[in-house]
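>>> The sequence isn't on hand, but the structure is:
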């Protein structure tokens, strides 16, 4: 293996994104002490547009396009992403070289007044940036007032602290990574809030023609997490998953057997379709497609078409 003298990591400039990049930087420097690893901080379109929900401004890809351009033009060698923010179909010319070991995949309930979702009174304002979370909240707690919440993690917490929301829902992994676990009142179980595909996992993206980097980055890949994420992303991909659709996919493994649960819903919580299946580790991609077919057979494709049609009408 030829170890490069220098590697550059492209990263968004939010505190959480920089933490993630520094985490990968530290691991690479430990593996290859002779290699200088630096971080190129960048502001993306997704970071700049904060007055609209992601589903209305182009989706998750807005968080990575600038980083991908840096990979193409040689300013950076790799980009570190929160995998749940990575589109299910990567643009041509790019590849995921490694999937890190999963941190918590769960959502967290954060509030300055209440301990649990169940404690919120009628009309309480709950903030989330995710249609997936919104649909599940509305289905379980139709008496709550669910409102959009954009911005980086600190911005969202500040809005809560200013009293704009009674509670907000955030990814537990992000709070843990930034040392903010004390803000968590309750960690939501998958029954309360089924996670997003890839939640809690970091993905390392490279230009697909950088064959030299696959071997270098392979030690960062976690096979079990990779298998679970492969199943989750296959399910989401089969249903055209994007942030415009309330879609969840969560896979666990025990003794080499994967269990994948999927959910598709209407943003207002009026329709929630769920399915699950199991398969050996080696059939992760097929498992994802199988659960997607179960959901499709139950009407998921018609539901997705209706949701997208409503969004186009309202945009």
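On my side now, so go ahead. Nothing here was measured: the structure is a model prediction, and the numbers come from that model.

>>> what's the average pLDDT for stretch 259-277?
For stretch 259-277, mean pLDDT rounds to 95.

>>> Would you state the strands of the stretch 101-250 of the chain in chain order?
Along the stretch 101-250 of the chain, counting by DSSP state E, counting those that start in this stretch, strands occupy 107-110, 125-128, 145-148, 167-171, 184-187, 202-207, 247-254.

>>> can I get those in CSV with distance to residue 78 and mean neighbour count?
Using the backbone N, CA and C atoms, a C-beta is placed for each residue, glycine as well. Conversion of the strands of the stretch 101-250 of the chain to CSV gives the following (distance: least, CB to CB, whole Å; neighbours: other CB atoms under 10 Å):
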stretch, distance to residue 78, mean neighbour count
strand 107-110, 28, 24
strand 125-128, 30, 22
strand 145-148, 32, 17
strand 167-171, 22, 24
strand 184-187, 31, 17
strand 202-207, 5, 23
strand 247-254, 25, 23
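
>>> Turn those into a markdown table, columns for mean pLDDT and distance to residue 154.
Shown next, in a markdown table, are those (pLDDT from 0 to 100; distance: least, CB to CB, whole Å):
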| stretch | mean pLDDT | distance to residue 154 |
| --- | --- | --- |
| strand 107-110 | 98 | 12 |
| strand 125-128 | 97 | 14 |
| strand 145-148 | 95 | 17 |
| strand 167-171 | 97 | 11 |
| strand 184-187 | 98 | 15 |
| strand 202-207 | 97 | 20 |
| strand 247-254 | 96 | 26 |
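
>>> For residue 75, find the nearest of those.
Minimum separation from residue 75 across the strands of the stretch 101-250 of the chain (CB to CB) falls at strand 202-207, 11.4 Å.

>>> residues making contact with that closest one?
20, 23-24, 64, 67-68, 71-72, 77-83, 86, 90, 93-100, 213-214, 217, 220 (CB atoms under 8 Å, 6 or more residues apart in numbering).

>>> So which of the residues you listed sit within strands?
Among those, DSSP state E puts 78, 79, 80, 81, 82, 94, 95, 96, 97, 98, 99 in strands.

>>> and the residues you listed, which two are the farthest apart?
82 and 95 (17.5 Å).

>>> of those two, who's got more company?
residue 82 (23 against 15; other CB atoms under 10 Å).

>>> Just list the residues touching the more buried one, thanks.
16, 17, 20, 171, 174, 198, 201, 202, 203.

>>> Tell me, how many residues neighbour the third one?
Applying the criterion other CB under 10 Å, we find 23 residues in the vicinity of residue 20.

>>> Contact partners for it?
For residue 20, the contact set (CB under 8 Å, 6+ apart) comprises 11, 80, 81, 82, 177, 202.

>>> just those now: which is nearest residue 275?
Looking across those and measuring by CB to CB, the closest to residue 275 is residue 82, at 25.6 Å.

>>> What's opposite residue 98 in the beta bridge?
residue 204 (DSSP bridges).

>>> Please verify my assumption that it contacts residue 216.
No - the pair residue 98 / residue 216 is not scored as a contact, 9.6 Å apart, by CB atoms under 8 Å.

>>> Tell me the one among the ones in strands among the contacts of strand 202-207 nearest to residue 267.
residue 82 (22.2 Å).

>>> For residue 210, see how far away that closest one is.
Distance from residue 82 to residue 210, counting by CB to CB, to the nearest Å: 21 Å.

>>> And the pLDDT at residue 58?
46.

>>> what's near enough to touch residue 111?
120, 160, 166, 167, 168, 185.

>>> quick one: the second one from residue 151, how far?
I take that to be residue 160. For residue 160 relative to residue 151 (CB to CB), the value is 11 Å.

>>> in the protein, which helix or strand is least confident?
When each helix and strand of the chain is scored by mean pLDDT, DSSP states H and E, helix 54-57 comes last, with a mean of 46.

>>> picking up where we left off before, can you flag the buried ones in the contacts of strand 202-207?
20, 24, 64, 67-68, 71, 77-83, 86, 90, 94, 96-100, 213, 217, 220 (16 or more other CB atoms under 10 Å).

>>> one step back: out of residue 160 and residue 151, which sits in the more crowded spot?
residue 160 (22 against 15).

>>> Residue 184 touches residue 173, doesn't it?
No - contact status for residue 184 versus residue 173: not in contact, 11.1 Å apart, counting by CB under 8 Å.

>>> Once you drop chain neighbours, what's closest to residue 212?
Among residues not flanking residue 212 along the chain, residue 2 sits closest, at 6.6 Å (CB to CB, 6 or more residues apart in numbering).

>>> Count the residues that sit near that neighbour.
Residue 2 has 6 nearby residues by other CB under 10 Å.

>>> can you confirm it is in a strand?
No - assignment of residue 2 by DSSP: H, G, I helix; E, B strand; the rest coil gives coil, placing it outside any strand.

>>> what are the phi and psi angles of it?
phi -90, psi 110 (degrees, to the nearest 10).
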